[in-house]
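Participant: Here is the input, now give the coordinates:
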Amino acid sequence: MAPPNEDTLTKVSTEAATEFVQTFYQALRSNRESIGSYYDANPQTIIFNGNPVIDGAAVQDIFVNQMPPANFEIQSYDCQIINKAFPTTLPGGGLKPPAEMGVKDMSILILVSGAVRYGENREQPQRGFSETFVLTPNPSADRVRGRKDFLIQSQNFRLVV
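Facilitator: Alright, predicted model coming up:
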């Protein structure tokens, strides 16, 4: 099988970024119990305003137990393919053979900017934010229907002053 062409890779990465941004920020707003499912089991880096967070379960705990309701308004986002053939580790161990790699076996950088309002009071001021994600392929996505195709490997969130 021939490797996917640039147009196909661009289309897949753009669709993945759009789906991720739409569903992730919706989960932060109204389905916080699902936040942990967006993260790789062993993320490399998660930073919130300069503070490291261990993993997706810890991020979920912060939003469920420590953060007031939040309304995110996404103003722009962009994506860039980092690695067209990301070496995916299979659940049983070992790497996916290159011959079995598809168009979703890539890593993607996503840049998001917008505004967030914490609390339910609409009179609260909005604060600008900038967020960067690195998404990697979910090795179990093609075996389990309904699984996310990409998971957060790295995240850096910053409120803008």
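
Participant: Break down this structure into its strands, ranges please.
Facilitator: With strands called from DSSP state E, the chain shows them at 45-48, 51-52, 70-83, 107-118, 127-137, 150-160.

Participant: Run through this structure and note the low-pLDDT ranges.
Facilitator: For the chain, applying pLDDT under 70 flags the ranges 1-2, 91, 97-100, 141-146.

Participant: Figure out how far the longest helix along it is from the centre of its chain.
Facilitator: Longest helix in the chain by number of residues (criterion: DSSP state H): helix 6-30. Taking CA atoms, centre = their mean, to the nearest Å, one finds the center of helix 6-30 at 8 Å from the center of the full chain.

Participant: next one: stretch 30-39
Facilitator: 11 Å.

Participant: do the same with stretch 20-40
Facilitator: Per CA atoms, centre = their mean, the centroid offset for stretch 20-40 relative to its chain is 9 Å.

Participant: Mind listing what's buried along it?
Facilitator: 20-21, 24-25, 27-28, 32, 35-36, 38-40 (16 or more other CB atoms under 10 Å). C-beta here means a position set from N, CA and C on the backbone, and glycine is covered the same way.
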